[in-house]
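Q: What follows is a predicted protein model with its sequence.
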Amino acid sequence: MVRNSESPPVTDVSRRWRMLLLATTGFTLCFWAWALLAPLGPRLRDDLGLSSFEQSLVVAVPVVVGALGRIPAGALTDRWGARRVFPLVAAVTILPVLYLGHLADSLAEVLAGGFLLGLGGTAFAVGVPFVNAWYPPARRGVALGIFGIGTGGTALSAFTTVQLADAVGRAFPFDLVAGCLAGYAGVAWFLLRDRPGRATAAGTLFSRTALAVRTPATWHLAFLYAVSFGGFVAFSVYLPTYLTRAYELGRSDAALRTAGFVVLAVAMRPVGGWLSDRTHPVPVLTVSYGLVAACALVAAFEAELVPVGTAAFFGMAAGLGAGSGAVFALVARLVPAERVGSVTGVVGAAGGLGGFFPPLVMGAVDSVAHDYTWGFVLLSVTATGAGTLAATAVRRRARATEDALLQQRSR
């Protein structure tokens with residue numbers, strides 16, 4: 001097994017689990033906030049008179065801001081530690097949540113609030129280096145996979161936002177999330193701790209980011225994550241819209257089915273990390289992308305939702321979730337510990353951007369052709385390319401890294 005950094009010193013196992021639980025909870029809450037607009041997409045379309053493209057833009061804006069914000073968030077975490085950055089991200093995200101819940105009532109205002117709501121998505125780049133530092137290389141895949149369960153915050157949003165808005169009032173889901181974020185920010189400030197002796201990056205934010213960009217493995221990892229996590233984000237934000245338009249489902253029904261997709265993808269993320277620890281991330285990635293490619297082709301034909309369409313979407317959820325877990329198991333193998341935050345920022349940004357464009361493409365295709373077929377065909381082609389990259393260039397890079405480490409140890 002490859003180890004590019006020294007294992008952390010032996011620590012109380014229960015303390016590791018506490019830190020992992022705190023990080024996962026914070027990630028879940030920030031992602032819950034990040035995904036608040038997606039389930040409300042159909043309602044916003046009706047209330048504000050939005051076109052299909054404008055509706056896609058509303059749900060996609062938080063994604064791109066959260067993606068790009070991960071680059072400085074990851075670099076800052078390498079420097080300052082998650083102990084400071086995590087509570088800060090949670091606290092700052094409260095402001096756009098309350099603004100969207102109480103003040104935004106036009107397209108421009110919702111877009112502005114969604115732009116700031118993207119801050120919640122940066123929590124990912126804070127948590128990955130934090131968890132990576134607390135766990136030894138042999139267990140990082142599953143630990144990062146468990147942390148990745150925090151993406152289930154999108155499922156919380158899908159399950160609850162529309163239902164709570166209908167039952168209590170439009171602002172209530174936003175108030176609930178704001179309260180949870182405030183509570184977490186306080187708890188994290190007092191209880192969250194970086195691992196003693198963690199590797200601390202030197203230099204400026206710009207120099208650390210530039211070094212991450214120049215790290216050879218970064219761009220392969222970025223593309224792979226753009227496909228796996230980007231696909232997950234794209235479906236989590238656009239699937240309610242797709243199901244209401246393509247299959248004429250009710251808003252609540254579409255939101256619940258989206259939540260089922262998200263739950264399966266989230267559950268498969270630690271499975272992908274565990275399989276990567278047990279075998280190797282490359283074959284896990286190759287199989288995952290192959291499954292996504294095949295199921296996307298099935299979905300392109302818009303078969304009956306039950307059972308064929310549902311099976312196709314669940315297959316894509318499983319592949320995207322396992323692939324996301326495997327990518328960061330590979331990060332832990334290929335990237336030095338002091339660069340994990342910066343590289344995670346770049347890779348996480350690519351994943352977020354990967355989720356930004358598909359909803360816009362699907363909305364544009366529907367506006368022009370009144371059909372979603374080509375959107376799924378493009379997903380199948382892209383997933384095929386990702387699987388091919390993993391099986392060829394990434395496999396060679398992983399082997400070269402392993403060989404270099406073995407030679408270093410034999411000296």
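A: Everything's here; your move.
Q: burial measure for A133, as a count.
A: Counted by other C-beta atoms under 10 Å, the residues lying close to A133 total 24. For every residue, glycine as well, the C-beta is placed using N, CA and C.
Q: Please, which helix or strand holds it?
A: Using DSSP states H and E, A133 falls within helix 123-134.
Q: Downstream of that helix, the next helix or strand is which one?
A: Using DSSP H and E, the helix or strand that follows helix 123-134 in sequence is helix 137-147.
Q: and that following helix, average pLDDT?
A: For helix 137-147, the per-residue pLDDT values average out at 84.
Q: quick one: low-confidence ranges for the stretch 51-200 of the chain?
A: Flagging of the stretch 51-200 of the chain using pLDDT under 70 yields the residue ranges 199-200.
Q: how about the helices of it, start to end?
A: 52-80, 82-102, 107-117, 123-134, 137-147, 153-167, 172-191 (DSSP state H, counting those that start in this stretch).
Q: closest to Y372 out of these?
A: Smallest distance to Y372 across those (C-beta to C-beta): 10.9 Å, for helix 52-80.
Q: centroid residue for this structure?
A: For the chain, the residue nearest the mean C-alpha position is F229 (5.2 Å; C-alpha atoms, centre = their mean).
Q: hmm, back to that, minimum distance to R245: which of the helices of the stretch 51-200 of the chain has it?
A: Nearest of the helices of the stretch 51-200 of the chain (C-beta to C-beta): helix 52-80, 7.7 Å.
Q: by how many degrees do that closest one and helix 107-117 diverge?
A: If you take axes from the mean of the first three to the mean of the last three C-alpha atoms, to 10 degrees, helix 52-80 sits at 30 degrees to helix 107-117.
Q: what's around the residue lying closest to G272 once chain neighbours are set aside, how many residues?
A: Excluding the flanking residues, the one nearest G272 by C-beta to C-beta, 6 or more residues apart in numbering is G325, at 2.9 Å. Neighbour count for G325, taken as other C-beta under 10 Å: 34.
Q: Just the buried residues of stretch 82-99, please?
A: For stretch 82-99, the neighbour count (16 or more other C-beta atoms under 10 Å) marks 82, 84-91, 93-94, 96-99 as buried.
Q: Does S324 touch F232 like I think?
A: Yes. The pair S324 and F232 passes the contact test of C-beta atoms under 8 Å, sitting 6.3 Å apart.
Q: burial measure for D47, as a count.
A: 12.
Q: go on, D371?
A: 12.
Q: Contact partners for it?
A: Going by C-beta atoms under 8 Å, 6 or more residues apart in numbering, D371 touches V365.
Q: Next one: it, what pLDDT does it get?
A: Listed pLDDT for D371 reads 72.
Q: Tell me the pLDDT of the residue nearest to G272.
A: Confidence score, pLDDT, at G325: 90.
Q: Which residues are in contact with it?
A: Contacts for G325 (C-beta under 8 Å, 6+ apart) come out as 141, 144-145, 148, 268-274, 276, 284.
Q: do that again at 6 Å, thanks
A: Residues near G325 by C-beta atoms under 6 Å, 6 or more residues apart in numbering: 145, 148, 269, 272-273.
Q: Go through the residues you listed and say which is closest to R396.
A: Distances from R396 to the contacts of G325, taken by C-beta to C-beta, are shortest for G272, at 21.3 Å.
Q: Around that closest one, count how many other residues there are.
A: For G272, the tally of surrounding residues (other C-beta under 10 Å) stands at 32.
Q: Over to H370?
A: Neighbour tally, H370, other C-beta under 10 Å: 9.
Q: same deal with D46?
A: Number of residues near D46 (other C-beta under 10 Å) recorded here: 10.
Q: returning to that earlier point: what's the separation between the residue nearest to the centre of the chain and G354?
A: According to C-beta to C-beta, to the nearest Å, F229 and G354 sit 7 Å apart.
Q: Apart from its neighbours in sequence, what residue is nearest D175?
A: G101 (6.0 Å).
Q: looking at it, the one you found is touching F174, isn't it?
A: Yes. In this structure, G101 is within contact of F174 by C-beta atoms under 6 Å, at 2.6 Å.
Q: Looking at the two, which one has more neighbours?
A: Comparing G101 with F174 by other C-beta under 10 Å, the one with more neighbours is F174, at 26 against 21.
Q: Report the separation between that one and V233.
A: 20 Å.
Q: Ok, A73 next?
A: Between A73 and V233 the distance is 17 Å, computed by C-beta to C-beta.
Q: Among those two, which residue is more densely surrounded?
A: Neighbours of A73 and V233, each counted by other C-beta under 10 Å, are more numerous for V233; the result is 35 against 28.
Q: could you give the angle of the helix or strand harbouring the more buried one to helix 52-80?
A: V233 is located in helix 218-246, with elements delineated by DSSP H and E. Here the directions of helix 218-246 and helix 52-80 differ by 150 degrees (the same axes, to 10 degrees).
Q: Helix 218-246: which residues count as buried?
A: Here helix 218-246 shows 218, 220-246 as buried, counting by 16+ other C-beta under 10 Å.
Q: which strands and helices sit next to the helix holding A133?
A: For helix 123-134, the packing partners by 3 or more C-beta pairs under 6 Å, 6 or more residues apart in numbering; DSSP states H and E come out as helix 13-34, helix 52-80, helix 82-102, helix 137-147, helix 340-369.
Q: before we move on, the earlier item: and A254, which of the helices of the stretch 51-200 of the chain is closest to it?
A: helix 153-167 (8.8 Å).
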